[in-house]
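Asker: Following is a predicted model, sequence given first.
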Amino acid sequence: MDSLFDVAEGGEDREERLAELARQVSVCTKCDLASTRTNTVFGSGDPYSPLMLVGEGPGENEDATGLPFVGRAGKLLDDILAAVNLTRDDVYLTNVVKCRATIEENGRVRNRQPRTAEINACNPYLRAQIEAIKPDIILCLGGPAAKTIIDRDFRITRDRGRWYEAFGAKAMATFHPAYVLRQHGDELKQTKRLVWKDIQAVHAEYLKAIEARRA
Ligand code: SF4
């Protein structure tokens, strides 16, 4: 792994730990989502990044590929990161649950929010990822991630864009890219403006963290 930080941070242990966790997740049957998944979606990106992004869970495209944030929401996430000159290779991406949550409606299989029991069952994997990666900054994408990481009473419209402390990191939440894509007209403009503001604040902390690690 080509990283600024691998020597100083004991790189091999971190990668081995994450590889072992990914292996455990790939065969996990701790909740009902195991029975309907195609692939588990563990995480991707730079495990040495100071910045970890945590979304809700895999959707259809992620379930099909085994990768987080693909499809339209993934493209928008790429655009959000590009606005502050970052790519998904500069950060670590994961979700609160590692398997797709679905519901069948009118003969169609649709995504749904993961249930509390599913989030709780999967939480040890997320915690272990955070402990392995030791991010300086965690950006929660959407309410379920913020409720899991920051505060269970978190309300995304009220509490996004502020800094909190979680797992020894500075934590903020913003809207999930999939939520942004569901907005229209003025709502869309306003939601995008807020997300862009949040990512600027996160990027400022990211630069500080990079400097601090180099010092
Ligand atoms: Fe296991 Fe998490 Fe998948 Fe549930 S969502 S089966 S706890 S990996």
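Answerer: Alright, I've got the coordinates.

Asker: For residue 46, see how far away residue 173 is.
Answerer: 21 Å (C-beta to C-beta, to the nearest Å). Using the backbone N, CA and C atoms, a C-beta is placed for each residue, glycine as well.

Asker: who's more crowded, the two?
Answerer: The neighbour count for residue 173 versus residue 46, taken as other C-beta atoms under 10 Å, is higher for residue 173 (27 against 22).

Asker: Which strand or helix spans that one?
Answerer: strand 169-174 (DSSP states H and E).

Asker: now what about that strand, what contacts it?
Answerer: 52, 130, 135-143, 145-146, 149-150, 154, 156, 159-165, 194-195, 198-199, 201-202, 205 (C-beta atoms under 8 Å, 6 or more residues apart in numbering).

Asker: The top helix by length along the chain: how far from the chain's middle?
Answerer: With secondary structure taken from DSSP state H, the chain has its longest helix at helix 185-214. Chain-centre distance of helix 185-214: 15 Å, with C-alpha atoms, centre = their mean, to the nearest Å.

Asker: try stretch 100-112
Answerer: That offset, for stretch 100-112, works out to 22 Å (C-alpha atoms, centre = their mean).

Asker: go on, stretch 176-187?
Answerer: Worked out by C-alpha atoms, centre = their mean, stretch 176-187 lies 18 Å from the chain centre.

Asker: what's the answer for stretch 14-31, then?
Answerer: On the basis of C-alpha atoms, centre = their mean, stretch 14-31 sits 16 Å off its chain's mean C-alpha point.

Asker: what about that stretch, average pLDDT?
Answerer: In this model, stretch 14-31 has an average pLDDT of 97.

Asker: what's stretch 116-130 in contact with?
Answerer: With C-beta under 8 Å, 6+ apart as the test, stretch 116-130 has contacts from 17-18, 21, 24-25, 28, 30-33, 42-43, 52, 54, 92, 94, 96-99, 101, 114, 138, 144, 148-149, 167, 169.

Asker: What about the ligand: which of those residues touch it?
Answerer: Subset of those in contact with the ligand: 25, 28, 30-31, 33, 97-99, counting by C-beta under 6 Å from any ligand atom.

Asker: need these in JSON lines with secondary structure, distance to residue 183 and neighbour count, can you?
Answerer: Converted to JSON lines, these look like this (DSSP: H, G, I helix; E, B strand; the rest coil; distance: C-beta to C-beta, whole Å; neighbours: other C-beta atoms under 10 Å):
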{"residue": "25", "secondary structure": "helix", "distance to residue 183": "32", "neighbour count": "19"}
{"residue": "28", "secondary structure": "coil", "distance to residue 183": "34", "neighbour count": "17"}
{"residue": "30", "secondary structure": "coil", "distance to residue 183": "34", "neighbour count": "15"}
{"residue": "31", "secondary structure": "coil", "distance to residue 183": "31", "neighbour count": "19"}
{"residue": "33", "secondary structure": "helix", "distance to residue 183": "27", "neighbour count": "24"}
{"residue": "97", "secondary structure": "coil", "distance to residue 183": "24", "neighbour count": "29"}
{"residue": "98", "secondary structure": "coil", "distance to residue 183": "27", "neighbour count": "31"}
{"residue": "99", "secondary structure": "coil", "distance to residue 183": "27", "neighbour count": "29"}
